[in-house]
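1. how would this look folded up:
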Amino acid sequence: METRETSADLVAQPLWSMTRGLSPLVGTAIHDGHFLHEDVAALMALSADDRLREEDPFTAAFIRDLGNRVVVHRSRFEVDLNRPREGAVYLRPEQAWGLDIWRERPSTEMVEATLRQHDGYYEMLHALLRDVQRAHGLFILLDIHSYNHRRAGPGAPPTAQADAPDINIGTFSMDRAYWAPVLDAFMACLRRQPFPGRQLDVRENVAFAGKGEQTRFVHARFPGTGCAIAVEFKKIFMDEWTGEPDPQAIEALRAAIRASLPVLEAALAAMPGGKTP
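-> Okay, the predicted model is just below:
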């Protein structure tokens with residue numbers, strides 16, 4: 001099991017890691033990161049524990065079996081790559097779940113320097129996806145996230161299951177009818193996967209609709225050839241208040257994604273313009 005580092009000394013710490021494989025499937029974990037640049041950390045009032053609660057720790061584990069994958073190492077509280085550029089640095093509480101983030105508000109110059117990470121990330125992502133699209137004709141991006149379901153407190157009842165599926169699939173920005181063979185096969189496969197004590201509850205656009213910047217970017221830049229699926233795992237794989245992981249649950253969810261990969265490749269190959277895997 002990976003550990004969560006908290007050091008603010010990031011001179012050698014990459015912004016993100018990218019692995020290139022031969023598949024038409026791409027996985028990303030853009031909110032997995034917890035690091036802050038030391039200049040940002042010096043101004044932040046929010047504690048590391050409070051940041052971790054709104055980050056997506058351990059989501060990088062869920063995409064470890066994809067040949068193409070991108071893991072972001074910086075905290076979303078430094079720059080949120082799933083927000084449009086103009087809102088990617090949280091400056092006001094209403095941008096960040098009402099949290100009082102800053103002890104001292106960052107300067108305009110610091111914000112602009114931080115936003116260059118946003119620019120660079122999307123330049124890198126576009127180049128990666130263009131390369132995958134040229135090789136395979138069509139591609140799927142699994143945009144992996146997680147979400148809290150015990151916001152009322154560690155001792156309070158969780159969000160009702162009716163409102164909080166184990167896996168929420170977001171499809172807002174895609175041509176849902178066109179990509180239906182891919183989406184339906186993916187969701188059906190996930191529902192068949194075992195989870196400790198039960199099967200997984202997988203539903204579409206319940207807790208979230210997939211309105212993030214990354215899926216929007218993919219569908220805008222690669223219409224008809226790129227299918228970006230927002231996959232939100234409820235934090236049934238960890239204690240969202242202490243940050244303690246459940247290794248058995250993490251491995252089960254990783255296995256669920258792993259089982260879906262041949263299903264996704266077959267569904268993609270059957271689409272117009274698809275290539276046999």
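
2. Name all residues that make contact with residue 89.
-> 78, 79, 80, 106, 111, 114, 115 (C-beta atoms under 8 Å, 6 or more residues apart in numbering). Using the backbone N, CA and C atoms, a C-beta is placed for each residue, glycine as well.

3. mind checking the backbone torsions on the second one?
-> Listed backbone geometry of residue 79 is phi -150, psi 130, with angles given as degrees, to the nearest 10.

4. wait, it sits on residue 88?
-> Yes. The pair residue 79 / residue 88 is scored as a contact, 5.2 Å apart, by C-beta atoms under 8 Å.

5. Need the overlap of contacts for these two.
-> Shared contacts of residue 79 and residue 88, defined by C-beta under 8 Å, 6+ apart, comprise 115, 118.

6. what's the neighbour count on residue 239?
-> Residue 239 has 12 neighbours, counted by other C-beta atoms under 10 Å.

7. can you tell me which residues contact it?
-> Residue 239 touches 154, 246, counting by C-beta under 8 Å, 6+ apart.

8. and it, backbone torsions?
-> In terms of degrees, to the nearest 10, the main-chain angles of residue 239 are phi -90, psi 110.

9. Next: residue 103.
-> Torsion angles, degrees, to the nearest 10, at residue 103: phi -70, psi -40.

10. sec struct for the nearest residue to residue 145 once chain neighbours are set aside, please.
-> Spatial nearest neighbour of residue 145, excluding adjacent residues (C-beta to C-beta, 6 or more residues apart in numbering): residue 232 at 4.8 Å. Recorded secondary structure, residue 232: strand (DSSP: H, G, I helix; E, B strand; the rest coil).

11. May I have the beta-bridge partners of residue 232?
-> residue 145, residue 168 (DSSP bridges).

12. What's the local residue count around it?
-> Neighbours of residue 232 (other C-beta under 10 Å): 24.

13. and the two most separated of the contacts of residue 89?
-> 80 and 106 (14.1 Å; C-beta to C-beta).

14. picking that back up, buried subset of the contacts of residue 89 as a PyMOL selection?
-> The PyMOL selection below is limited to those of the contacts of residue 89 classed as buried (16 or more other C-beta atoms under 10 Å):
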select buried, resi 78+79+80+106+114
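
15. which one of the contacts of residue 89 sits closest to residue 167?
-> For the contacts of residue 89, the nearest to residue 167 is residue 80 (21.8 Å; C-beta to C-beta).

16. Pull the contacting residues for the closest residue to the closest one other than its chain neighbours.
-> Using C-beta to C-beta, 6+ apart and skipping residues adjacent in sequence, the residue nearest residue 80 is residue 88, 5.1 Å away. Residue 88 makes contact with 79, 80, 81, 115, 118, 213 under the criterion C-beta under 8 Å, 6+ apart.
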